[in-house]
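**Student:** Make a model of this:
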Amino acid sequence: MSNSESTFTLKTRSDLGATPKLNYWGAETEYGVLRNVLLGPVENYKWLKTSSVSKKSLRRKEKYDLNVAKQQYKEMVDAYASADVVVHTHKADPELPYQIFARDSSIMTPYGAIITNMAQWWRKGENYRAIETYKELGIPIYDFVTAGSFEGGDFNVIEPGCVLIGWEGEEGRSHLNAANQIKGWFEREGWEVFVTDIDPFYVHIDLMVVMLAEKLAAVCLDSTDPKVVNWLENKSIQIIPVPFQETIELGCNVVALGNDRVLLPKASKTLKSKLKAEGFVIYDPEISMITRGGGGVHCMCQSLRRDPT
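**Tutor:** Predicted structure coming up:
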């Protein structure tokens, strides 16, 4: 089935569950072979006081250079092309400097895209642009988050039919009410859902837990709740620890490309070394001008289509 056969609609979700899966688009995991990815534009990116990472960069008066950011962004896009991934991009909006982080404004599921509810006022317009993108691609909307703020970096699929959801409360990006709204949706679809709170310092749960392959995860043990670690281990998931300092530099915020291939930032030295020892193929663009604004390669991508595992 080609993407042209998809039909755009504003709600595919069945209130009782058993929502039909899409035939062409969709991702059941974070590690199936990635075929199509959605990125945000770099043209209007600049650092704002959005997170502990960007606040530190601004506090230290580090110099931001848009031209360098564009060069590094191109290096990342070229890495996707080298891995045979088709890249789609949101249309740039000059009022949305953090639109580059496409992970947050939506969540791709096997049933369609969830439109999230951005927490910070200067990012709320990203949700509207996301709807336009999905309409243009012919990808239907599963549903809209309405119970509170929630961002896509806090929705972390661990394996088919199993998701880890994070929330930070009023001081963070995702609220418990919204996390529970999504939990209810997916439990009615028959999924296992684990909801956990995280410290707002870490922004989203994908800063500290990311799947690399089937039964293999990168985890910052220094920042991840032991209950989450135990839950993963009880699923026989092997954990590769990522040091705290590299995690803060977005070194755990990586993208599995499938077939033992991973896209990670050049600064992720420990994880890169460990994955190479496991036989993984590594794509490691230099993206430090972007990460110092508070987001990594996983924050910048939304998996539109992955092969089933």
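
**Student:** Tell me where the model's unsure across this structure.
**Tutor:** 1-6 (pLDDT under 70).

**Student:** One more pass at 90, please.
**Tutor:** The model of the chain has pLDDT under 90 over residues 1-7, 52, 169-171, 200-202, 248-249, 309.

**Student:** Determine the longest helix present in it.
**Tutor:** Using DSSP state H to define each element, the chain has its longest helix at helix 66-82.

**Student:** Going by neighbour count, list what's buried in that one.
**Tutor:** Taking 16 or more other Cβ atoms under 10 Å as the neighbour-count basis, helix 66-82 is seen to contain the buried residues 69, 72-73, 76-77, 79-80. Where C-beta positions appear, they are placed from N, C-alpha and C, glycine not excepted.

**Student:** which helices and strands sit right next to that helix?
**Tutor:** strand 86-89, strand 261-263, helix 288-291 (3 or more Cβ pairs under 8 Å, 6 or more residues apart in numbering; DSSP states H and E).

**Student:** tell me the most buried of the ones you listed?
**Tutor:** Each of the helices and strands packed on helix 66-82 was given a mean neighbour count from mean count of other Cβ atoms under 10 Å, and the largest, a mean of 25, is that of strand 261-263.

**Student:** Please enumerate residues in contact with that one?
**Tutor:** Outside strand 261-263, the residues within contact range by Cβ atoms under 8 Å, 6 or more residues apart in numbering are 76, 79-80, 83, 212, 254-257, 275, 280-285, 297.

**Student:** please redo it, this time with the cut-off set to 10 Å
**Tutor:** Strand 261-263 is touched from outside by 31, 33-34, 37, 76, 79-80, 82-85, 210, 212-213, 218, 254-257, 268, 271-272, 275-276, 278, 280-285, 287, 296-298, 300-301, with contacts defined as Cβ atoms under 10 Å, 6 or more residues apart in numbering.

**Student:** of those residues, buried ones?
**Tutor:** Among these, the ones that count as buried (16+ other Cβ under 10 Å) are 31, 33-34, 37, 76, 79-80, 83, 85, 210, 212-213, 218, 254-257, 268, 271-272, 275, 280, 282-285, 287, 296-298, 300-301.

**Student:** Can you flag which of the residues you listed belong to helices?
**Tutor:** Among the buried ones among the contacts of strand 261-263, the members falling in helices (DSSP H) are 76, 79-80, 271-272, 275.

**Student:** how about the buried residues of helix 66-82 in CSV, adding distance to residue 195?
**Tutor:** Listed next are these as CSV, based on distance: Cβ to Cβ, whole Å:
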residue, distance to residue 195
69, 34
72, 34
73, 33
76, 31
77, 34
79, 33
80, 31
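
**Student:** Closest one to residue 240 out of the residues you listed, please.
**Tutor:** Checking the buried residues of helix 66-82 against residue 240 by Cβ to Cβ gives residue 79 as the nearest, at 20.6 Å.

**Student:** so that closest one touches residue 300, yeah?
**Tutor:** No. The pair residue 79 and residue 300 does not pass the contact test of Cβ atoms under 10 Å, sitting 11.6 Å apart.

**Student:** joint contacts of these two?
**Tutor:** Counting by Cβ under 10 Å, 6+ apart, the contacts common to residue 79 and residue 300 are 255, 263, 287.

**Student:** and the closest residue to the last one other than its chain neighbours, what does it touch?
**Tutor:** I take that to be residue 287. Nearest non-adjacent residue to residue 287, counting by Cβ to Cβ, 6 or more residues apart in numbering: residue 72, 4.8 Å away. For residue 72, the residues meeting the contact criterion (Cβ under 10 Å, 6+ apart) are 42, 65, 265-266, 285-291.

**Student:** Give me the most central residue, this structure.
**Tutor:** Among the residues of the chain, the smallest C-alpha distance to the mean C-alpha position (Cα atoms, centre = their mean) belongs to residue 103, namely 4.1 Å.
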